[in-house]
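Colleague: Build the 3D model from these lines:
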Amino acid sequence: MTADAHKETLGFQTEAKQLLHLMIHSLYSNREVFLRELISNASDAIDKLRFASLNNEALLEGEADYAIRVEVDKDNRTITIADNGIGMNRAEVIEHLGTIAKSGTAAFLEQLTGDQKKDSQLIGQFGVGFYSSFIVAERVEVLSRKAGDPADAGVHWESSGEAEFSVEDFEKAGRGTTIILHLKSDCEEFADDWRVRSVIKKYSDHISVPVMMEKPAAPAVDKEGDEDGEEKAEDAAPEFEAINEATALWTRSRSEVSDEEYTEFYKHVSHDFDDPMTWSHNRVEGKLEYTSLLYIPSRAPFDLYNREMVRGLKLYVQRTFIMDDAEQFLPLYLRFVKGVVDSNDLSLNVSREILQQDPQVDAMRSALTKRVLDMLEKMAKKEPEQYQKFWEQFGEVLKEGPAEDFNNREKIAGLLRFSTTHTDSETQDQGLAEYIERMQDGQDKIYYVVAENFKTAKSSPHLEVFRKKGIEVLLLSDRIDEWFMNQLQEFDGKPLQDVARGELDLGEEEKEAQEKLKQESEALVERLQAALEGQVQEVRATSRLTDSPACLVVGDYDMGAQMRRMLEAAGQEVPESKPILEVNPTHPLLEKLDAEADEDRFADLASIIFDQASLAEGGTLEDPAAYVARLNKLLLELAG
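Modeller: Below you'll find the model as predicted:
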């Protein structure tokens, strides 16, 4: 059977087609990055073969010298990037080059706006890899053979980056992958030797594999007057030279590595287009020996809130690549951290399963977690503006920390930022340590209120007595807030108190006023309890309100309103519970209600006050039409 019989033409996956189109239009101004992406992929392919050959030396096929070769042809307007790494078989070529296997791709594409600058940043966080070829190429050919497969099991893939690609069998003597880019007429600069060398030096100097290019030809000199001298020079095999440092950057001393090199290495390991926010490079010696290079990105990835996202560090053992995305070295709440960890103590045949059970990994995880938290602590103290940018990108994920990492709970809590009544600003820029410094004499709790959004939290009737007394309250409105506050519970020995939960205790003086209010309004409370039977757990008089007639609170052990709404929206079963209605008997509306002799009218007014309290906390009404009817009836009576 001939190779031609195996040729087939296939269509790109829809998401791949969209991404190709965006790539060509949005990333054009930064088009040289295609070379970084392709060399980075080639380096990864070689790393994977290094690892696979530990258990199967036959995969090397007698060739253990790894290299990436880049060749340019100005006349034919092509650039070729070839590696002798793991290679791909036919099924892998179709899977990797025709589809995007990332979860959440469709959701990511929905975020794109059509604004080229914004879209290029989003595509940068997604990671473009092979598809970046089409920024500069009108046609791309890929020749690949998987290590260990016979020579006639090679594959030839070809596409012009539109709707389709073709795949056919191809005889390839050497293992690995060769990519040939047929450049667009306005991209012929990338067929120029000097231009390509400068791009490789800029982006890929840190790659641990030599990137080889042909040595510039020396002028032919015929010392003995041999007329064939020029012909001999032309017939000689071209010589190749390494044009990068080819040493693993993390193995070098910090003093030897420039900020530019750290930044480019980050882009290599993360496939991010933006510079990192900060990094930490550290070598540990003693009981455990390892090197870590950890980066905090400047922008959250598109799938940050997907807890199933691919995450983790690149793991090396004694400079040998073992795996991408080793998630065992950092907890889930630090899933945004990128980087490399290189251990001298782990076994070369370590697997993900072994990593989960190895006590050395636990010790490294603990140390690396502490290092990331120290990095953030240092940024928060020395560069508060930079830390604020970090918080805006990753703050919600950091809030998962207190529940997941009990040992570092206090440290994480110190890094959290909130909106508070101290500034009344939506910007979350106030820390718990600052809150404690501002606490009033005799105040022994940190108070907070949870609502659906900032405006609802800021205007909550539960804050009225706190504003009157000048007591600061945290204003929480992120979806995770109620759950996370229940996990945190205290900071620096001060318990956290939800102002909408249970009875309020603001000191002895307040208790006496509350007791007096209860006695004076006993009859009103009983009537309200009877009118709202089945809708509320309890009605009670309160001194916490100054401007509002009523508010809803939950029992000490009941689920909060925000958590209840979130679970209901997710289709979860929620335990049955009714709110407590607290009323302000000194409010004109309640005084009028107390004087109402008509019980039907009293019941209507009581229901309106209950519904208004529910709306004020951001809730929804069970029967909005009934509320509108009662309100209209009341308005008509007032108008009449």
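Colleague: Count residues in the vicinity of the residue lying closest to A541 once chain neighbours are set aside, would you?
Modeller: Leaving aside its chain neighbours, A541 sits nearest to S521 (4.3 Å; criterion: CB to CB, 6 or more residues apart in numbering). Using the backbone N, CA and C atoms, a C-beta is placed for each residue, glycine as well. If you count neighbours by other CB atoms under 10 Å, S521 ends up with 21.
Colleague: confidence score at S521?
Modeller: For S521, the pLDDT comes out at 87.
Colleague: ditto for P216
Modeller: What the model reports as pLDDT for P216 is 81.
Colleague: start the count at 19, not 1, going forward
Modeller: Noted, 19 is the first residue going forward, which turns the last one into P234.
Colleague: so how far is I261 from the nearest residue to it once chain neighbours are set aside?
Modeller: Among residues not flanking P234 along the chain, D211 sits closest, at 6.8 Å (CB to CB, 6+ apart). The gap separating D211 from I261 is 10 Å, by CB to CB, to the nearest Å.
Colleague: what do you get for Q458?
Modeller: Q458 sits 66 Å away from I261, going by CB to CB.
Colleague: These two - which one has more neighbours?
Modeller: Between Q458 and I261, counted using other CB under 10 Å, the more crowded position is I261 (19 against 9).
Colleague: That one touches P234, doesn't it?
Modeller: No: taking contacts as CB atoms under 8 Å, I261 lies outside contact range of P234: 11.3 Å.
Colleague: So what's the residue count around E538?
Modeller: Using other CB under 10 Å, E538 is surrounded by 12 other residues.
Colleague: Repeat that for A431.
Modeller: A431: 21 neighbours (other CB under 10 Å).
Colleague: That one sits in which helix or strand?
Modeller: With elements taken from DSSP states H and E, the one containing A431 is helix 427-433.
Colleague: Now do that helix: which elements does it pack against?
Modeller: helix 377-400, helix 419-422, helix 450-455, strand 508-509 (3 or more CB pairs under 8 Å, 6 or more residues apart in numbering; DSSP states H and E).
Colleague: out of these, deepest packed?
Modeller: Most buried of those, by mean neighbour count (mean count of other CB atoms under 10 Å): helix 419-422, with a mean of 20.
Colleague: List phi and psi for S361.
Modeller: Main-chain torsions, S361, degrees, to the nearest 10: phi -100, psi 140.
Colleague: mind listing what it touches?
Modeller: Shown in contact with S361 (CB atoms under 8 Å, 6 or more residues apart in numbering): 306-308, 333-336, 378, 382.
Colleague: now A518
Modeller: Counting by CB under 8 Å, 6+ apart, A518 has contacts 467-468, 478, 480, 569-572, 578-579, 635.
Colleague: Do a quick rundown of the strands in the stretch 519-658 of the chain.
Modeller: Per DSSP state E, counting those that start in this stretch, the stretch 519-658 of the chain carries strands over the ranges 556-559, 568-571, 598-601.
Colleague: hang on, isn't V90 packed against D210?
Modeller: Yes: the criterion here is CB under 8 Å, and V90 meets it with D210 at 6.7 Å.
Colleague: if you count what's nearby, which of those two comes out ahead?
Modeller: V90 (22 against 13).
Colleague: Am I right that that one is in a strand?
Modeller: Yes: going by DSSP: H, G, I helix; E, B strand; the rest coil, the assignment for V90 places it inside a strand.
Colleague: beta partners of it?
Modeller: Bridge pairing for V90 (DSSP bridges) gives the partners I97.
Colleague: and it, what does it touch?
Modeller: Counting by CB under 8 Å, 6+ apart, V90 makes contact with 96-98, 208-211, 214, 231.
Colleague: quick one, what contacts the nearest residue to A531 once chain neighbours are set aside?
Modeller: Nearest non-adjacent residue to A531, counting by CB to CB, 6+ apart: S561, 5.0 Å away. Contacts for S561 (CB under 8 Å, 6+ apart) come out as 483, 528, 531-532, 535, 602.
Colleague: Please convert those residues to TSV, extending it with pLDDT and neighbour count.
Modeller: Formatted as TSV, the contacts of S561 follow (pLDDT from 0 to 100; neighbours: other CB atoms under 10 Å):
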residue	pLDDT	neighbour count
V483	89	18
E528	73	15
A531	76	12
Q532	79	18
L535	85	19
N602	91	24
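Colleague: Helices of the stretch 119-268 of the chain, start to end?
Modeller: 123-129, 134-144, 151-154, 211-222, 247-253 (DSSP state H, counting those that start in this stretch).
Colleague: Which of these has the lowest mean pLDDT?
Modeller: Ranked by mean pLDDT, the helices of the stretch 119-268 of the chain bottom out at helix 134-144, which scores a mean of 48.
Colleague: what's the closest non-adjacent residue to A421?
Modeller: In space, and not counting its chain neighbours, A421 is closest to Q505: 3.9 Å by CB to CB, 6+ apart.
Colleague: ok, now how distant is that neighbour from L514?
Modeller: Look at Q505 and L514: by CB to CB, they are 10 Å apart.
Colleague: Good, wrapping up.
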